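Engineer: Sequence and predicted structure below; questions after.
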Amino acid sequence: MENKGSDEVETLKTKFVSVWHNVKYSWALKSKTSFSRNSPVLLLGKCYHFKAEDDDSVAEACSEACDEDSVVGNVEAFRKDFTSRVWLTYREELPPLPGSTLTSDCGWGCMLRAGQMMLAQALILHFLGRDWTWSEAMALQPLDTETWTTSAAKRLVASLQGPSRPPEHGPPPPLQTQAPGSAEEADAHLKEMYHRSLVSWFGDSPSAQLGLHRLIRTGLTMGKQAGDWYGPAVVAHILKKAVEEAMDPGLAGITAYVSQDCTVYSADVIDSHRAPRAGQPSAERSEAPPTSQSDQPVSASTLTDSRAVIILIPVRLGGEKTNPDYFNFAKSILSLEYCIGIIGGKPKQACYFVGFQDDSLIYMDPHYCQSFVDVSTSDFPLQSYHCPSPKKMPFSKMDPSCTIGFYSKSAQDYERISQELSKVLQPSAKEKYPAFTFVQGHGRDYDLSAGLTPEKREWPFIRDPRRTVTTTGDFVLL
């Protein structure tokens, strides 16, 4: 009898918390995010300028900021590129999360969501290439105050009326092979199937390969529970394990590597490129969908010799605050097309950094509570997985603890990446220490962190819970 009463109290408590989060994360008034017309905008290696096409001054600034091949387009091209990135946010009305009765990650799951967004960008590079954009991106409306408050009101009423039962979940439906007429239409259709399958891997159901439930279940083995705060270094290890344990054949051609003590051991990365996944024979790997960082997928046979590697590097860019000497380093990193972004944010408020303009970071914000979407249906809506409203934050407000991500297509690609990054990492007169380093050999040869749990590896990245935060909103040009 006591157990029953205790369960009812816990259920009621969970319900009130959910209602509060609906208000806190949905009824927010959003201000406009301002972009200058006089400075280039960098977005994951692509450079944009917002002046008239015949104005050469900003184009020259773009060329100085990044490679000439990356100088593309104007405000519309930027908007389409940004909106095409996969957006993962708080969700509610979920199946109970592992080890708890929670049915939402509102208020605590932002770092996991930021990690999912970074992982999704790596998979976009892997399957679709950096130049891919979503055909419906420009049809999305900005998330203005009216949109937020209207949807919030509906969710709040539904929460007070009673719990809703989410549908049963199964694996995403198999990709359909029939494509429309022309070769161009067939290619667009194929890429859209990859896009839809990719989003479904991040669905909020126990069966989703890279979904919240899978990440939390992985976190349980590292001493983390649903409702806990997840730091950027712990999330890196969770993402690594989730990718390694994913059973979908489409993910057989990619794995993940996490640096040790801000050191990337090149031999370990190259081994990750070449070694088959544990318990997965080469014959099975050869059945995976074709992957490429270019626009045209490569033959599936190439997967038998190598895998792509997602390189995750937890770093700390200062003491209590981010050291200004690292601002240019962060800009250099976000100017690279093989960079998949940075997860970090403000203290106790994680976000996903994807670019910058002048001295402000551009980021995607997971702090928006949306309703559960059943991704097991073949035509589930994609609109809530894309955000048309970028946000900006001064570099000075960035928390020093973060994880940087890169996508390496092959061992040969890694050699090029490590050489380019080593030049970026060369300390200047102000920077006495690089943010991270590349070292030849295996990590086991140095044995610096043998026996350490991921939680102990996290200790340099723990945040100060006493610090407060603020948010911003939509997108407008000045």
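Structural biologist: Ah, there it is. Nothing here was measured: the structure is a model prediction, and the numbers come from that model.
Engineer: could you pull out the helices for this structure?
Structural biologist: With DSSP state H, the ranges of helices along the chain come out as 2-26, 56-65, 75-84, 110-127, 145-161, 183-200, 212-220, 232-245, 266-274, 282-285, 327-334, 411-424, 454-457.
Engineer: Select from these the stretch with the lowest mean pLDDT.
Structural biologist: When the helices of the chain are compared on average pLDDT, helix 282-285 comes out lowest at a mean of 38.
Engineer: which residues does the closest residue to residue 397 other than its chain neighbours form a beta bridge with?
Structural biologist: Among residues not flanking residue 397 along the chain, residue 346 sits closest, at 5.8 Å (Cβ to Cβ, 6 or more residues apart in numbering). All C-beta spots, glycine's among them, are computed from the backbone N, C-alpha and C. Residues in a beta bridge with residue 346, per DSSP bridges, are residue 349.
Engineer: can I assume residue 346 is in contact with residue 394?
Structural biologist: No - if you go by Cβ atoms under 8 Å, residue 346 and residue 394 don't touch, sitting 10.4 Å apart.
Engineer: Can you report how many residues neighbour residue 142?
Structural biologist: 17 (other Cβ atoms under 10 Å).
Engineer: any idea how far it is from residue 393?
Structural biologist: 18 Å (Cβ to Cβ, to the nearest Å).
Engineer: more neighbours, residue 346 and residue 394?
Structural biologist: residue 346 (18 against 11).
Engineer: pLDDT below threshold where in the stretch 201-350 of the chain?
Structural biologist: 275-305 (pLDDT under 70).
Engineer: do that again at 80, thanks
Structural biologist: 275-305, 347-348 (pLDDT under 80).
Engineer: Could you list the buried residues of stretch 241-251?
Structural biologist: Under the neighbour-count criterion of 16 or more other Cβ atoms under 10 Å, stretch 241-251 has 241-244, 246, 248, 250-251 buried.
Engineer: Any idea how far apart the tips of it sit?
Structural biologist: By Cα to Cα, to the nearest Å, the extent of stretch 241-251 from end to end equals 13 Å.
Engineer: Pretty sure residue 96 sits against residue 204.
Structural biologist: No - assessed by Cβ under 8 Å, residue 96 is found out of contact with residue 204, at 11.4 Å.
Engineer: Look at the two and report which has more neighbours.
Structural biologist: Per other Cβ under 10 Å, whichever of residue 96 and residue 204 has more neighbours is residue 204, with 25 against 14.
Engineer: and the buried residues of stretch 241-251 as JSON lines, adding distance to residue 193?
Structural biologist: Shown next, in JSON lines, are those (distance: Cβ to Cβ, whole Å):
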{"residue": "241", "distance to residue 193": "27"}
{"residue": "242", "distance to residue 193": "23"}
{"residue": "243", "distance to residue 193": "21"}
{"residue": "244", "distance to residue 193": "25"}
{"residue": "246", "distance to residue 193": "18"}
{"residue": "248", "distance to residue 193": "14"}
{"residue": "250", "distance to residue 193": "11"}
{"residue": "251", "distance to residue 193": "15"}
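Engineer: Return the member of those nearest to residue 195.
Structural biologist: Using Cβ to Cβ, residue 250 comes nearest to residue 195 of those, at 12.4 Å.
Engineer: hmm, back to that, tell me the one among the buried residues of stretch 241-251 nearest to residue 226.
Structural biologist: Comparing every one of the buried residues of stretch 241-251 with residue 226 (Cβ to Cβ), the shortest separation belongs to residue 242, at 15.2 Å.
Engineer: Could you list which residues are in contact with residue 386?
Structural biologist: By Cβ atoms under 8 Å, 6 or more residues apart in numbering, the residues touching residue 386 are 83-87, 134, 137, 140.
Engineer: partner residues bridging it?
Structural biologist: For residue 386, the residues forming beta bridges with it (DSSP bridges) are residue 86.
Engineer: could you measure it against residue 210, distance?
Structural biologist: 17 Å.
Engineer: Surely residue 110 touches residue 351?
Structural biologist: Yes - contact criterion Cβ under 8 Å: residue 110 and residue 351 qualify, at 7.3 Å.
Engineer: Which neighbours do those two have in common?
Structural biologist: The contact sets of residue 110 and residue 351 overlap at 345, 366-367 (Cβ under 8 Å, 6+ apart).
Engineer: how about the residue lying closest to residue 241 once chain neighbours are set aside, what does it touch?
Structural biologist: Sequence neighbours aside, residue 218 is the residue nearest to residue 241 in space, at 5.0 Å (criterion: Cβ to Cβ, 6+ apart). By Cβ under 8 Å, 6+ apart, the residues touching residue 218 are 238, 241-242, 245.
Engineer: Kindly reformat the residues you listed as CSV and extend each row with distance to residue 442.
Structural biologist: Formatted as CSV, those follow (distance: Cβ to Cβ, whole Å):
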residue, distance to residue 442
238, 23
241, 19
242, 23
245, 22
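Engineer: Which member of these is positioned nearest residue 399?
Structural biologist: Closest approach between these and residue 399, by Cβ to Cβ: residue 238, at 18.7 Å.
Engineer: give me the number of residues near that closest one?
Structural biologist: For residue 238, the tally of surrounding residues (other Cβ under 10 Å) stands at 25.
Engineer: There's contact between it and residue 230 in this structure, I believe.
Structural biologist: Yes - the pair residue 238 and residue 230 passes the contact test of Cβ under 8 Å, sitting 7.4 Å apart.
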